[in-house]
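A.B. asks: below: sequence and its predicted model.
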Amino acid sequence: MKKILIPTDFSENAWNAIRYAMRLFANEECKFYLLNTYTPSIPSSRFMAPIVNGSRIEDAMRCSSENGLKNTVQLIKDDFKNDKHEFETISSFNLLVDEVKDVVDTFGIDLIITGTKGASGLDEVFMGSNTVRIIKSTKRCPVLAIPQNFDYNQPSEIAFATDFNRFYSQSELKPLIELAKSFNATIRIVHVQYQIKALNEMQQFNLDMLRKYFGEVEHYIHTVSELNSISQTLEIFSKELDIHLLAMLNYQHSYMEQMTREPIVKRTAFHTQIPLLVIPELGMTLSSTKQIKEEEVY
C-alpha cells in the first residue's frame, strides 16, 4: 500500500492538491496522511499578556487543527468514495518542515503531495515558500507540487528534464517509471542547452542508461536551445508538447537548483501551471557508478 503525505492548511490551494491526489491514485491502494501544523505566535507586547494566555492559545489552535483535519477527511469521503483509500490525520505543534521530515521517517512515506500558492503557480516554489523548503529538506521521498487552480489532467505526457551530466540510479527513477506505467504515459526526456552540441562520452553513457531504465515506457529525447532561462525554456517546451507533469531530480547543479538561483527578472516569465515532481537524489557515489559501468562493459 502506497503511503502518501499531504500537508494542509485548510486553504482552497491545499484542497486542490488533495483533489489532485485522490484522482491521481484513484485506482491504487493508498494510505493518506493528512498533516496540519500550528505554531501559536508569542504576544509581542506585555499589554497583551493578560488578555491572551499562551496555553489557551495552544489548546484552541490544537482543537481547530484537529477539527479541520476531521472535516477535511469527511469532505474527501463525501466527494471521493473510494474503498482503496485509508486516512490518518496528524495535528502537530511544530514547524511544518520539521514535522514533515519526522512523519516521512516515522511512517515510511513514499510521496509528499503539496499545493503551491500564487497565480504564478510553480514560480512561488522559487520564492521561498513552504514547498521549496520541503523540497530542499526532504531526502527520502519525492515531492509532487500542485499549482494553485490546476485542474486534474491524467498525466499521459510527462517531461523529464536532465542535462545527462549525472548518473541516475534505477532506484531514483523508480517513482517516475511507476507513474508513467500507471497511466501508460509517454516520457519526454528534455535536454536544455545554451548551444546545441553533441553529447560527450559521459553524457552519452548516462543517456544510454536512461534508455535502458525506460525500456518498457514509450520515451523520446528532445534537445532544445535555452531561451533566456531554463525555466522559460521548460515552460515553452511544456506548452508546445502539452506536457501534463514535469519531473526533475534534485541534486547539486541540477536544473532544479539552477532554476531556484535564476535572477527574478528571468524567473518572472515562468508561470507554468503543471505539477512538478521533484525526486531527491539517493547519494549515488563515484565508486558505485564506476562499478555499474564495469558491469555494463562486462
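C.D. replies: Arrived safely, thanks for sending.

A.B. asks: enumerate every residue touching the closest residue to residue 23 other than its chain neighbours.
C.D. replies: Among residues not flanking residue 23 along the chain, residue 152 sits closest, at 4.6 Å (CB to CB, 6 or more residues apart in numbering). All C-beta spots, glycine's among them, are computed from the backbone N, C-alpha and C. Counting by CB atoms under 8 Å, 6 or more residues apart in numbering, residue 152 makes contact with 19-20, 23-24.

A.B. asks: how about the strand or helix carrying residue 257 as CSV, C-alpha atoms only?
C.D. replies: Applying DSSP states H and E as the criterion places residue 257 in helix 255-261. The C-alpha trace of helix 255-261 is given here as CSV (Å, rounded to 0.1, in the frame of the first residue of the first chain):
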residue,chain,number,x,y,z
TYR,A,255,18.1,22.1,-13.4
MET,A,256,16.0,22.4,-10.2
GLU,A,257,18.9,24.1,-8.4
GLN,A,258,19.7,26.3,-11.3
MET,A,259,16.1,27.4,-11.6
THR,A,260,16.0,28.4,-8.0
ARG,A,261,19.1,30.5,-8.5
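
A.B. asks: give me the mean pLDDT for that helix.
C.D. replies: Taken as a whole, helix 255-261 carries a mean pLDDT of 70.

A.B. asks: that helix - contacts with which helices or strands?
C.D. replies: Packed against helix 255-261 by the contact rule (3 or more CB pairs under 8 Å, 6 or more residues apart in numbering; DSSP states H and E) you find helix 230-240, strand 245-250.

A.B. asks: weakest of the ones you listed in terms of mean pLDDT?
C.D. replies: Mean pLDDT values for the helices and strands packed on helix 255-261 show the minimum at helix 230-240, a mean of 88.

A.B. asks: what are the buried residues along that one?
C.D. replies: Using 16 or more other CB atoms under 10 Å as the test for burial, helix 230-240 gives 230-238.

A.B. asks: equivalent analysis for stretch 136-155, please.
C.D. replies: 136, 138, 141-148, 150, 152, 155.

A.B. asks: from these, which is closest to residue 2?
C.D. replies: Taking CB to CB as the measure, residue 2 sits nearest to residue 141 out of the buried residues of stretch 136-155, at 10.7 Å.

A.B. asks: and the residue lying closest to the closest one once chain neighbours are set aside, which of the three is it?
C.D. replies: Once flanking residues are discounted, residue 141 sits nearest to residue 109: 5.3 Å by CB to CB, 6+ apart. Classification of residue 109 using DSSP: H, G, I helix; E, B strand; the rest coil returns coil.

A.B. asks: so how far is the longest helix seen in the chain from its chain's centroid?
C.D. replies: The single longest helix within the chain, with elements called by DSSP state H, is helix 54-79. Offset of helix 54-79 from its chain centre (CA atoms, centre = their mean, to the nearest Å): 25 Å.

A.B. asks: helices or strands up against it?
C.D. replies: Counting by 3+ CB pairs under 8 Å, 6+ apart, helix 54-79 packs on helix 12-24, strand 30-37, strand 85-92.

A.B. asks: in the last one, what counts as buried?
C.D. replies: Applying a neighbour-count criterion of 16+ other CB under 10 Å, one finds 85, 87, 89-92 buried in strand 85-92.

A.B. asks: residues in contact with that strand?
C.D. replies: 1, 22, 25, 29-38, 62, 65-66, 69-70, 72-73, 76-77, 99, 103.

A.B. asks: swap in the longest one?
C.D. replies: For helix 12-24, the surrounding residues in contact (CB under 8 Å, 6+ apart) are 4, 6-8, 32, 34, 72, 75-76, 79-80, 82, 85, 113-117, 146, 148-150, 152, 155, 275.

A.B. asks: now that helix - C-alpha only, PDB.
C.D. replies: Only the C-alpha atoms of helix 12-24 are listed here, as PDB (Å, rounded to 0.1, in the frame of the first residue of the first chain):
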ATOM      1  CA  GLU A  12      -8.500  26.200  -1.200                       C
ATOM      2  CA  ASN A  13      -5.000  25.700  -2.500                       C
ATOM      3  CA  ALA A  14      -4.400  22.800  -0.200                       C
ATOM      4  CA  TRP A  15      -7.800  21.300  -1.000                       C
ATOM      5  CA  ASN A  16      -6.900  21.500  -4.700                       C
ATOM      6  CA  ALA A  17      -3.800  19.400  -4.100                       C
ATOM      7  CA  ILE A  18      -5.900  16.900  -2.200                       C
ATOM      8  CA  ARG A  19      -8.400  16.600  -5.000                       C
ATOM      9  CA  TYR A  20      -5.500  16.000  -7.400                       C
ATOM     10  CA  ALA A  21      -4.100  13.300  -5.200                       C
ATOM     11  CA  MET A  22      -7.400  11.500  -4.900                       C
ATOM     12  CA  ARG A  23      -7.900  11.400  -8.700                       C
ATOM     13  CA  LEU A  24      -4.200  10.600  -9.500                       C
END
